[in-house]
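> sequence plus the predicted model coming up.
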Amino acid sequence: MKKSKCAEQPKKRTSIGGQALIEGIMMMGPDRIATVVKKLDGSHVVREEEYVPLSKRLWLARVPFLRGIFAFGSSLANGTRQLMWSADQVEFEETEPSKFDQWVERKFGMKKAEKVLTSIALVLGVLMPIGLFILLPTVLASLVPFPENLWWLRSLCEGVLRLVIFIGFLFATSLMKDMRRTYSYHGAEHKSIHCYESGEELTVENVRRHTRRHPRCGTSFLFVVMIISILTFSFIRVDNTWLRLALRLVLLPVVVNVSYEANRLVGRYDNWLTKALRAPGVALQGLTTREPDDEMIEVAIDALTRVIPKETDADKW
């Protein structure tokens, strides 16, 4: 009960957010970004940089129901940059290179090949969620014949498929050994932010007592996107599959903007309605977060401490 109270009734709500990386964490404050990666010997390699939010540089990024797509794009761009940097810092135990690695090194040179493969992976990282969670359910639902007078069943079927694929994907990744470590860093990120929001000193002991689930998490945001997309697409009747696919892509910015505003709303207030709305997304974090070890918590504290602003209310949510 104590953990739940800390999570649901913080002394403050911070705009500071983070992202779990491979053996590291990125934290973004109102004016700084800090990325901390753990080396094999337990030491930390740190990257810090000044950050000016897009909302301070572009007036459109401050307009409700437009700012969501800008915030999402900016977050994706910053997260990708930090991910690429952190990937270069990670150390792995020495192992015998695979035949594929040896072929790539002979053919292209390892440095060039790493850059190309990383770029391809990042592009796929953007395109895959759109294809897997938005377009694939539309294609699968179009394969099922529905009576014309029950056209709404197609939208319902598509929505159910979208949720099943999304939850199934999260479950599958939670079973992967490497992803479990990343999810542990994700848990450390959430715990440290909870500790900071509660007004406690950022120590390993204090951070560990807090819940690893946070209402203002990317997992919750993605779940809201799923729900908003189901509601949005359900009111539009289009029988042609290609037109349906095109319409999904055209309406995607609208879905992201509405989801962003909804996520801000449920993350800002604590009442029976907001708790009910964020409950499914928080529950899904049981798949995308795991309990971290002390070294992971130390990484989270290190990153978080570096982005806390000097002015008390500068990071107020």
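Noted; the coordinates are in hand.
> tell me which element the closest residue to L153 other than its chain neighbours falls in.
In this structure, L153 finds its nearest non-sequential neighbour in F146, 4.9 Å apart by Cβ to Cβ, 6 or more residues apart in numbering. C-beta: built from backbone N, CA, C; applies to glycine. Under DSSP states H and E, no helix or strand contains F146.
> next one: F146 from F65, what distance?
Look at F146 and F65: by Cβ to Cβ, to the nearest Å, they are 32 Å apart.
> the more surrounded of the two?
The neighbour comparison of F146 against F65 (other Cβ atoms under 10 Å) goes to F146, with 16 against 11.
> look at that one and report its pLDDT.
Note on F146: pLDDT of 81.
> now swap in I308 and tell me
Here the pLDDT value assigned to I308 is 95.
> go ahead and confirm it touches K12.
No. Counting by Cβ atoms under 8 Å, I308 stays clear of K12, with 11.5 Å between them.
> more neighbours: the two, which one.
Set side by side, I308 and K12 show more neighbours around I308, with 18 against 13, by other Cβ under 10 Å.
> contacts only, for the more buried one.
Counting by Cβ atoms under 8 Å, 6 or more residues apart in numbering, I308 touches 16, 29, 196, 315.
> now the last one: phi and psi?
Same thing as D315. D315 adopts backbone torsions of phi -110, psi 20, taken as degrees, to the nearest 10.
> would you list the phi and psi of the residue nearest to L153?
Dihedral angles of F146 (phi, psi; degrees, to the nearest 10) stand at phi -130, psi 140.
> quick check, it in contact with L156.
No. Using Cβ under 8 Å, F146 is not in contact with L156, being 9.6 Å away.
> outside of stretch 168-180 itself, list whatever touches it.
Under Cβ under 8 Å, 6+ apart, the answer for stretch 168-180 is 22, 132-133, 183, 219, 284, 287-288, 290.
> typed the wrong thing, it's stretch 234-245
Contact partners of stretch 234-245, identified using Cβ under 8 Å, 6+ apart, comprise 135, 138-139, 142, 151-152, 155-156, 159, 247.
> in stretch 226-233, which residues are buried?
For stretch 226-233, a neighbour-count test (16 or more other Cβ atoms under 10 Å) marks 226-230, 232-233 as buried.
> how far out from the middle of the chain is it?
Here the centre of stretch 226-233 is set off from its chain's centre by 19 Å, with Cα atoms, centre = their mean, to the nearest Å.
> you'd agree L251 is up against I230?
No. Using Cβ under 8 Å as the test, L251 is too far from I230 to be in contact (11.9 Å).
> could you give the bridge partners of E50?
Beta-bridge pairing for E50 (DSSP bridges): R32.
> and the pLDDT at it?
E50 is given a pLDDT of 91.
> so that it lines up with my notes, have the first residue be 798 from now on.
Happy to do that; since the first residue is 798 now, the last one works out to E847.
> so the closest residue to L937 other than its chain neighbours: helix, strand or coil?
Nearest residue to L937, sequence neighbours excluded (Cβ to Cβ, 6+ apart): L958, at 5.5 Å. Following DSSP: H, G, I helix; E, B strand; the rest coil, we place L958 in the helix state.
> all set now, cheers.
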